[in-house]
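Asker: With the input below, show me the fold.
(chains A and B)
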Amino acid sequence: MDRYQRHIVLSEIGQKGQDKLSHSKVLVVGAGGLGCPVLQYLAAAGVGTIGIIDFDSVEKSNLQRQILFGTSSIEKNKAIEAKRRLVDLNDTITIIAYPERLTYQNAIQLFNQYDIIVDGTDNFETRYLINDACVITNRPLVFAAIYKFQGQVAVFNYNNGPTYRCAFPNKPIGNTVPNCSEVGVLGVLPGIIGTMQANEVLKIILEIGTVLSGKLLCYDALTYQTTVLNIKKSEHDIQKVLLAKENFNQQELNEYCRVEIREVSIKDILKKGNIQFIDVRETNEHPKIKELMVTEIPLSIFEQHIDKISTNKEKALFCHSGIRTKTAISILNKHHIHDCYSIKEGATEIVSYIKELQKEESNE
Amino acid sequence: MLVTIKYFGMLAELTNCNEETIVFSGSYISELLEVLFQKHNSLKDKPFQVAQNNELVPLGTKLISQEIVLLPPFSGG
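Answerer: Have a look, this model is predicted:
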């Protein structure tokens, strides 16, 4: 085939290697900054089946680095939009889009259908979920994570190698580690790091080179300093995951659920009176909700501004996807403030709901 | 002895340096961290792992290298 000619002429790959690629199934979790370049190269390389799972929708601020999307993708689901672009790139492979959130309930069944799992998510909750599901289903995990100008890449759970928990045993709590939307990220960084992930996936499938197993590669885009750290396997941390296997699907994605978080839809909360709406996103995040009286308290400085919380109103908190809201509510609970709701919808959906509502009202 | 500490990610911002060299007279990594926490209070409640001789090690490990790395987990994607 002409399409893969440059692969096939490589003696390390050949037709045999290309066939291995076309018989492989890879699941990419998160079609964001990392997921986009991974998906682009895997589809171009002819990986036979590619799954994409992402519940989120494209925002204008994503276009700076999430290279599969264009202006026409804004407000549409990322998994579906990524598939749309990839089908055009390579229509000879199978691409499956899952426009939903990865959860403890769907992960095992989904991972069982793929050979390799790629972590392109942006939060610790899902990263630990992915690691544990990979341990349980015995799938190699091609991991990466980024911060501003730096990235980390590793292959976990490969041929009985160390897992993510062997490197980072404990999930960071609350808001001790900021994410991209809070601190920003150099657009090209996930491009570099995601391409390294794609490289590891191809090496695993083709069985060439040395897979980055048992190692954590740390890269700094400003200095080109690359540090490779060795990770020792911790049987204790792996066994802990395997022992809890039976209860895996009973876990909830967010630990803070245990502190009882009342979720409410924007529709229902608008029916209630005497509510303080609180936006816990960082001040640079959009869209702003101008139609409501909103108190802005970014999660990064939330605890220092508890005094802005109303004492005589019920509180309804929102963010972009609902994860930071739960962290904020757990902080409020810690301060014995309990009459709070987490709005199920993110800011984008809240704005479109209110606009819809206003349209209906003006028609009446 | 002189020990050089390299800070990755947000830790470099908290300490205002990518690396620093300090005089240290203890013998364990956990003791070295106590010294660093006194110098940089904001490091205290941050999650990170420590690497010595390019290997991630538990905090109770004896300090044998003159260079260690403090590595936080990244969440971004």
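Asker: OK, contacts around A:Glu349?
Answerer: A:Glu349 is in contact with A:Ile266, counting by C-beta atoms under 8 Å, 6 or more residues apart in numbering or on different chains. In short, each C-beta sits where N, CA and C put it, glycine included.
Asker: Chain A contacts on chain B?
Answerer: The interface of chain B toward chain A, taken as C-beta under 8 Å from any C-beta of the partner chain, is made up of B:8-10, B:45-47, B:49, B:51, B:54-56, B:69, B:71-77.
Asker: try 10 Å
Answerer: B:6, B:8-10, B:12-13, B:18, B:45-49, B:51-58, B:69, B:71-77 (C-beta under 10 Å from any C-beta of the partner chain).
Asker: Which among the residues you listed count as buried?
Answerer: In the residues of chain B next to chain A, burial by neighbour count holds for B:6, B:8-10, B:12, B:18, B:46, B:48-49, B:51-52, B:56-57, B:69, B:71-77, counting by 16 or more other C-beta atoms under 10 Å in any protein chain shown.
Asker: mind listing what's buried in the lengthiest helix in chain B?
Answerer: With DSSP state H setting the assignment, residue counts place helix B:29-39 as the longest helix in chain B. Residues of helix B:29-39 classed as buried by neighbour count (16+ other C-beta under 10 Å): B:29, B:32-33, B:35-36.
Asker: Which parts of chain B are strands?
Answerer: Counting by DSSP state E, chain B has these strands, from start to end: B:2-7, B:19-23, B:49-52, B:55-57, B:67-71.
Asker: Switch the ones you listed over to JSON lines; also include mean pLDDT.
Answerer: Conversion of the strands of chain B to JSON lines gives the following (pLDDT from 0 to 100):
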{"stretch": "strand B:2-7", "mean pLDDT": "97"}
{"stretch": "strand B:19-23", "mean pLDDT": "96"}
{"stretch": "strand B:49-52", "mean pLDDT": "97"}
{"stretch": "strand B:55-57", "mean pLDDT": "97"}
{"stretch": "strand B:67-71", "mean pLDDT": "97"}
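Asker: For A:Asp88, find the nearest of those.
Answerer: Put simply, out of these the one that sits nearest A:Asp88 is strand B:67-71, at 39.6 Å, with distance taken as C-beta to C-beta.
Asker: relative orientation of the closest one and strand B:2-7 in degrees?
Answerer: 20 degrees (axes from the mean of the first three to the mean of the last three C-alpha atoms, to 10 degrees).
Asker: Does anything pack onto strand B:67-71? Which helices or strands?
Answerer: Packed against strand B:67-71 by the contact rule (3 or more C-beta pairs under 10 Å, 6 or more residues apart in numbering or on different chains; DSSP states H and E) you find strand A:215-220, strand A:226-230, strand B:2-7, helix B:10-15, strand B:19-23, helix B:29-39, strand B:49-52, strand B:55-57.
Asker: and these as JSON lines, adding distance to A:Thr94?
Answerer: Output for the helices and strands packed on strand B:67-71, formatted as JSON lines (distance: least, C-beta to C-beta, whole Å):
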{"stretch": "strand A:215-220", "distance to A:Thr94": "30"}
{"stretch": "strand A:226-230", "distance to A:Thr94": "35"}
{"stretch": "strand B:2-7", "distance to A:Thr94": "45"}
{"stretch": "helix B:10-15", "distance to A:Thr94": "40"}
{"stretch": "strand B:19-23", "distance to A:Thr94": "48"}
{"stretch": "helix B:29-39", "distance to A:Thr94": "49"}
{"stretch": "strand B:49-52", "distance to A:Thr94": "39"}
{"stretch": "strand B:55-57", "distance to A:Thr94": "38"}
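Asker: Any buried residues in the helix or strand containing A:Lys326, and which?
Answerer: The secondary structure element spanning A:Lys326 is helix A:323-334 (assigned by DSSP states H and E). Going by neighbour count (16+ other C-beta under 10 Å), the buried part of helix A:323-334 is A:323-332.
Asker: Redo the residues you listed as TSV? Include distance to chain B.
Answerer: What follows is these, written out as TSV (distance: C-beta to the nearest C-beta, whole Å):
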residue	distance to chain B
A:Ile323	10
A:Arg324	12
A:Thr325	16
A:Lys326	15
A:Thr327	12
A:Ala328	16
A:Ile329	19
A:Ser330	16
A:Ile331	14
A:Leu332	19
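Asker: Pull the most distant pair out of those residues.
Answerer: Among these, the pair separated by the greatest distance (C-beta to C-beta) is A:Ile323 and A:Leu332, which sit 15.5 Å apart.
Asker: The residue nearest to A:Tyr98 when sequence neighbours are not counted: neighbour count?
Answerer: Spatially, and ignoring its direct neighbours in sequence, A:Tyr98 is nearest to A:Ile53 (4.1 Å; C-beta to C-beta, 6 or more residues apart in numbering or on different chains). Per other C-beta atoms under 10 Å in any protein chain shown, the neighbour tally for A:Ile53 reads 24.
Asker: what bridges to A:Ile53?
Answerer: With DSSP bridges as the criterion, A:Ile53 is bridged to A:Val29, A:Tyr98.
Asker: just checking, it touches A:Ile80?
Answerer: No. At 11.1 Å, A:Ile53 does not count as touching A:Ile80 under the criterion of C-beta atoms under 10 Å.
Asker: Give me the common contacts of these two.
Answerer: Common neighbours of A:Ile53 and A:Ile80 (criterion: C-beta atoms under 10 Å, 6 or more residues apart in numbering or on different chains): A:31, A:97-99.
Asker: Walk me through the domains of chain A.
Answerer: According to automatic domain parsing, chain A is divided into the following domains: A:2-253, A:256-363.
Asker: Between these, which one is closest to B:Ser25.
Answerer: domain A:2-253 (26.3 Å).
Asker: residue ranges for the strands of the stretch 1-150 of chain A, please.
Answerer: In chain order, the stretch 1-150 of chain A shows strands spanning A:25-29, A:49-53, A:94-98, A:116-119, A:141-147, A:150-156, with DSSP state E, counting those that start in this stretch as the criterion.
Asker: Just name the shakiest helix or strand of chain A by mean pLDDT.
Answerer: Of all the helices and strands that make up chain A, helix A:180-183 has the lowest average by mean pLDDT, DSSP states H and E, namely a mean of 69.
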